[in-house]
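K.L.:
Dropping a prediction and its sequence here:
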Amino acid sequence: SQTIHQWPATLVQPVGSPLSLECTVEGTSNPNLYWYRQAAGRGLQLLFYSVGIGQISSEVPQNLSASRPQDRQFILSSKKLLLSDSGFYLCAWRPTSGGEQFFGPGTRLTVL
Amino acid sequence: SQQGEEDPQALSIQEGENATMNCSYKTSINNLQWYRQNSGRGLVHLILIRSNEREKHSGRLRVTLDTSKKSSSLLITASRAADTASYFCATDPNTGGFKTIFGAGTRLFVKA
């Protein structure tokens, strides 16, 4: 069966520090991968998605970047965090055929 | 702008009552999905309804889709305290892309 992992679960970082959040998927090949951010009590904002290794589409110009170095690995990064980067970050995957998305447990990021 | 908009934003009911949440969207779609999110957790897929379907059931869940009105509803019958969560609708536009567009969600509170 398929499994999606995200880490860390929580993170507190100072303004200006770098960021690296990792997401890995098991049990499937060539998934579509997604990074979302969720503000408290709000919906999901799509940040990046990827349909293959090295293929990244950015939805919102911002302080973040994403990379997909391996088929089932998706990384969200920043060189210098801003206060506004605080939020709940969710990774998700779905088959290339479309349909439902499968979400990881999320990372709670607080930038101080 | 958000593709899906849920209504109401928040709903509080007694255990045993039915809960109805509505979703409206703006563009033509391939399918519409409903997800559930417990506080601080990832989203869990509940049900997917395709654009050529009008109604779908899964256990205590009933979803309807009216493509002429670009709207959907999620009915949870005989609600339980464990149904307390946020519920999101999401749409796959039929523009050939890979994105799923999420609404802002309805926060449901079921009182025991």
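P.N.:
Here it is on my side, so go on. In this text, all values refer to a predicted model and were calculated from it rather than measured experimentally. Residues are numbered from 1 along each chain as shown, chains lettered A, B, ... in the order given.
K.L.:
excluding its backbone neighbours, what's nearest residue 29?
P.N.:
In the absence of a named chain, chain A is used. Closest residue to residue A:29 apart from its sequence neighbours, by C-beta to C-beta, 6 or more residues apart in numbering or on different chains: residue A:71 at 6.5 Å. For the C-beta atoms, the positions are set from N, CA and C on the backbone; glycine is no exception.
K.L.:
that's the wrong chain, I meant chain B
P.N.:
That would be residue B:91: by C-beta to C-beta, 6+ apart, it lies 4.6 Å from residue B:29.
K.L.:
what's that neighbour in contact with, if anything?
P.N.:
B:3, B:4, B:25, B:27, B:29, B:31, B:32, B:33, B:100, B:101 (C-beta atoms under 8 Å, 6 or more residues apart in numbering or on different chains).
K.L.:
now these in a markdown table, with neighbour count?
P.N.:
As requested, the contacts of residue B:91 are exported to a markdown table (neighbours: other C-beta atoms under 10 Å in any protein chain shown):
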| residue | neighbour count |
| --- | --- |
| B:3 | 22 |
| B:4 | 26 |
| B:25 | 22 |
| B:27 | 11 |
| B:29 | 24 |
| B:31 | 20 |
| B:32 | 28 |
| B:33 | 25 |
| B:100 | 28 |
| B:101 | 21 |
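K.L.:
Looking at these, which is nearest residue A:24?
P.N.:
Closest to residue A:24 out of the contacts of residue B:91 is residue B:100 (20.5 Å), distances taken as C-beta to C-beta.
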